[in-house]
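Asks: Here you go, sequence then predicted model.
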Amino acid sequence: MTDAFQQPLFGSYFVALLLLPLASSCESTKPMASVTADYINIVYPFLQNIEKNITALLGNASCQEKNHTCEENKEIISIHKLACSIPFNKPKRGGISKIKCELKELTGNIEASLGCDCPKNQDHNGSQLNCTHAQHRTLTRKRLCIMHSIVSDLRSCYGRLTEKYS
């Protein structure tokens with residue numbers, strides 16, 4: 001059963017994914033050594049923790065993972081698109097979940113590492129989400145699966161990038 005307040009999230013999520021190739025491009029000028037060091041020291045521990053937390057919330061539920069592509073020789077662009085595809089719409093009632101706060105912090109770390117921001121209309125940079133009082137909100141299996149898929153794909157794409165430049 002899906003609450004009415006959850007519907008706009010998925011509509012905006014899919015619209016954002018469709019518009020990302022048009023609106024989101026990352027021409028990072030950061031040295032690859034710096035990007036891979038940031039991944040190893042900052043991003044990877046976040047990804048591991050978030051993936052562990054999402055897996056624990058999913059329990060025995062399985063997901064039909066929608067794998068996003070990590071384009072050959074365009075790993076930075078793919079990572080940027082994935083990070084910017086995480087939905088952060090402010091909930092209409094209740095507080096934000098701890099997982100979404102962790103994902104918001106992860107996205108900020110990725111943006112800083114790559115030197116590329118998500119488009120403003122994606123509500124990443126200017127978001128009014130208050131993570132100081134994050135709650136254990138119940139997230140639907142569908143939301144958790146979307147988040148798990150993005151986190152897993154980020155880890156995979158960063159892995160390819162690290163292999164390439166190590």
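Replies: Noted; the coordinates are in hand.
Asks: Could you pick out the longest helix of the protein?
Replies: Counting residues, the longest helix found in the chain (DSSP state H) is helix 141-165.
Asks: helices or strands up against that one?
Replies: Here helix 141-165 touches helix 7-23, helix 32-38, helix 44-58, helix 75-84, helix 98-114, going by 3 or more CB pairs under 8 Å, 6 or more residues apart in numbering; DSSP states H and E. C-beta: built from backbone N, CA, C; applies to glycine.
Asks: okay, those, which one's buried deepest?
Replies: Mean neighbour count (mean count of other CB atoms under 10 Å) peaks for helix 75-84 among the helices and strands packed on helix 141-165, with a mean of 24.
Asks: before we move on, back to that, could you dump the helices and strands packed on helix 141-165 to a markdown table with distance to Arg160 and mean pLDDT?
Replies: Formatted as a markdown table, these follow (distance: least, CB to CB, whole Å; pLDDT from 0 to 100):
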| stretch | distance to Arg160 | mean pLDDT |
| --- | --- | --- |
| helix 7-23 | 19 | 44 |
| helix 32-38 | 11 | 92 |
| helix 44-58 | 13 | 92 |
| helix 75-84 | 6 | 92 |
| helix 98-114 | 15 | 89 |
